[in-house]
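*Asks:* Based on what follows, work out the 3D shape:
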Amino acid sequence: MNLGIRVKLSTMMFLEFFIWGAWFVTMGTYLTVTLKATGTQNAGAYATQSLGAIIAPFVIGLIADKYFSAQKILGVLHLLGAASLYYATTITDFDKFYPNILFYMIIYMPTLALVNSVSFKQMKNPSKEFPWIRVFGTFGWIVAGIVIGLLGWEKSGTLVLTFKMAAVASLILGLLSFTLPDTPPVKKGQKTTFGDIIGLDSIGLLKNRSYLIFFLASVAICVPLAFYYNFTNPFLNEVGVKKAAGVQAMGQVSELAFMAAMPLLFVRFGVKKMLAIGMLAWVLRYIFFAYGDAGSGYWMLIAGIVMHGICYDFFFVTGQIYTDNLAGERFKSAAQGFITLATYGVGMLIGSYISGPVVDKWKISETSHNWQSIWLIPAGIAAVVLIFFLLFFKDRTSMATKPGLDIEEPSAQTQI
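*Replies:* All right, here's what the predicted structure looks like:
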């Protein structure tokens, strides 16, 4: 890959995740403070991510893979996204905000797969080349959080500027996309079925008892995951954490560090221990949030955020690799699509609709909540999932000893 293409792909990845991180992390605070949204409304807005994840495979499977070059669709979607994000800055009530953000997520979520397609097309050895491109996406998310924190938009009540910042970045990426290397449709002229799109070809994996337990645990663990994505930023701002969005970016830094250590950890722990440690981290994270504060308990809040690397890498990345290894060459893509649809689609959707009413139930006043009671609920859910997994998951084989294992950077559609 020549330097010019590498720079373009790296910039594409940076902007792709900068756009998402620019508004997604602080949207809960914006909705609560500026639009006076309830916890249920807040969770409903975040649930649009899951709805977008469910619809995205159909956009890719029925349009991008068959009729148009990926970079052109990417450009059009981001130009539409820029208009939608800017329009969001003119909306003053939640009832109008919701359909707009739903529209945005429906057109944004497919771009996560499209940037991968454009990247892979230019690579001779994706397993070695892709991580060095994809890492710029994580940097983009981190930079967005740091910018918001440094400019003090949370404290000043001007989070509407996050949507304007994201709109400008989306416009730039939309225009840049048309200059990217051509990535023609890979299934032009081929018949695509509903089963192909949602990965039903891989459903046979569920006949493996251990994989079935893993699959059920994956869907269930996404319920407490929704609490983290939906309400961490409002929580941190409410308890008085300064530059909360910037502090949250430490989670992505942790993710990078643990990602680098994954190959060694696989050899040492194996699948069951890796997955269990990941779920245990979710339990501990929410306990830290429940009992931490912006004073003497500040270290607990930081620990909960930094544990993102363990929470995400140990469970979700391990699960992706476990799925890839069991599926075999024929069903690898279908299996990854199926598990992503089930977790970030169905699991997170359920979690969003549970988390909102829970937060509303423990609301004390217009500006405060009983966060200890709120956070102990996802901690309890994660603990139940962990116990279920430990009791019934029996596959103790070390992944590092199985033939054909190739540890790659996880799909962009599942990593943030």
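
*Asks:* Strands along the stretch 301-416 of the chain, start to end?
*Replies:* Ranges of strands in the stretch 301-416 of the chain, per DSSP state E, counting those that start in this stretch, are 363-365, 368-369.

*Asks:* in the stretch 1-150 of the chain, what spans have low per-residue confidence?
*Replies:* Applying pLDDT under 70 to the stretch 1-150 of the chain flags residues 59-66, 127.

*Asks:* where do the strands sit along the stretch 101-250 of the chain?
*Replies:* Under DSSP E, counting those that start in this stretch, the stretch 101-250 of the chain gives no strands.

*Asks:* Please state the offset of stretch 100-116 from the chain centre?
*Replies:* Centroid separation for stretch 100-116 versus its chain: 12 Å, with CA atoms, centre = their mean, to the nearest Å.

*Asks:* And for stretch 252-268?
*Replies:* 18 Å.

*Asks:* Name the residues of it that are buried.
*Replies:* Neighbour counts over stretch 252-268 (16 or more other CB atoms under 10 Å) mark 252, 254-255, 258-259, 262, 265-266 as buried. Yep, even glycine has a C-beta here, placed from its N, CA and C like the rest.

*Asks:* ok, back up a step: please work out which of the strands of the stretch 301-416 of the chain is packed deepest.
*Replies:* Mean neighbour counts were compared across these using mean count of other CB atoms under 10 Å; the top stretch is strand 368-369, at a mean of 16.

*Asks:* mean confidence score for the biggest helix by length in the chain?
*Replies:* As assigned by DSSP state H, the longest helix anywhere in the chain is helix 250-291. For helix 250-291, mean pLDDT is 88.

*Asks:* Who are the packing partners of that helix?
*Replies:* Under the contact criterion of 3 or more CB pairs under 8 Å, 6 or more residues apart in numbering; DSSP states H and E, helix 250-291 touches helix 126-151, helix 209-238, helix 298-306, helix 308-309, helix 318-340, helix 371-392.

*Asks:* picking that back up, mind putting the buried residues of stretch 252-268 in TSV, distance to Leu15 included?
*Replies:* Output for the buried residues of stretch 252-268, formatted as TSV (distance: CB to CB, whole Å):
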residue	distance to Leu15
Gln252	16
Ser254	23
Glu255	19
Phe258	25
Met259	21
Met262	26
Leu265	31
Phe266	32
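
*Asks:* Excluding chain neighbours, give the residue nearest to Val33 in space.
*Replies:* With sequence-adjacent residues excluded and distances taken as CB to CB, 6 or more residues apart in numbering, Val33 is closest to Gly157, at 6.2 Å.

*Asks:* picking that back up, kindly present the strands of the stretch 301-416 of the chain as a markdown table, with separate columns for mean pLDDT.
*Replies:* Formatted as a markdown table, those follow (pLDDT from 0 to 100):
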| stretch | mean pLDDT |
| --- | --- |
| strand 363-365 | 90 |
| strand 368-369 | 90 |
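
*Asks:* closest one to Leu212 among these?
*Replies:* Checking these against Leu212 by CB to CB gives strand 368-369 as the closest, at 37.1 Å.

*Asks:* on that earlier part again, Phe289: which of the strands of the stretch 301-416 of the chain is closest?
*Replies:* Within those, the stretch nearest Phe289 is strand 368-369; the backing value is 12.0 Å (CB to CB).

*Asks:* same for the closest one, what does it pack against?
*Replies:* Packed next to strand 368-369, using 3+ CB pairs under 8 Å, 6+ apart, are helix 209-238.

*Asks:* Quick check: closest non-adjacent residue to Ala217.
*Replies:* Counting by CB to CB, 6+ apart, Ala217 lies nearest to Phe389, which is 4.6 Å off, once chain neighbours are set aside.

*Asks:* ugh, wrong one, Leu151
*Replies:* Leu161 (7.7 Å).

*Asks:* how many other residues sit next to the one you found?
*Replies:* 16 (other CB atoms under 10 Å).

*Asks:* measure it to Phe314 for me?
*Replies:* Distance, Leu161 to Phe314, by CB to CB, to the nearest Å: 35 Å.

*Asks:* same check, this time on Pro181
*Replies:* Going from Pro181 to Phe314 by CB to CB gives 35 Å.

*Asks:* Neighbour count for those two, which is higher?
*Replies:* Counting neighbours by other CB under 10 Å for Pro181 and for Phe314 shows that Phe314 has the greater number, 25 against 16.

*Asks:* Just list the residues touching the more buried one, thanks.
*Replies:* By CB atoms under 8 Å, 6 or more residues apart in numbering, Phe314 lies in contact with 258, 265, 274-275, 277-278, 281.

*Asks:* try 7 Å this time
*Replies:* Neighbouring residues of Phe314 by CB atoms under 7 Å, 6 or more residues apart in numbering: 274, 277-278, 281.
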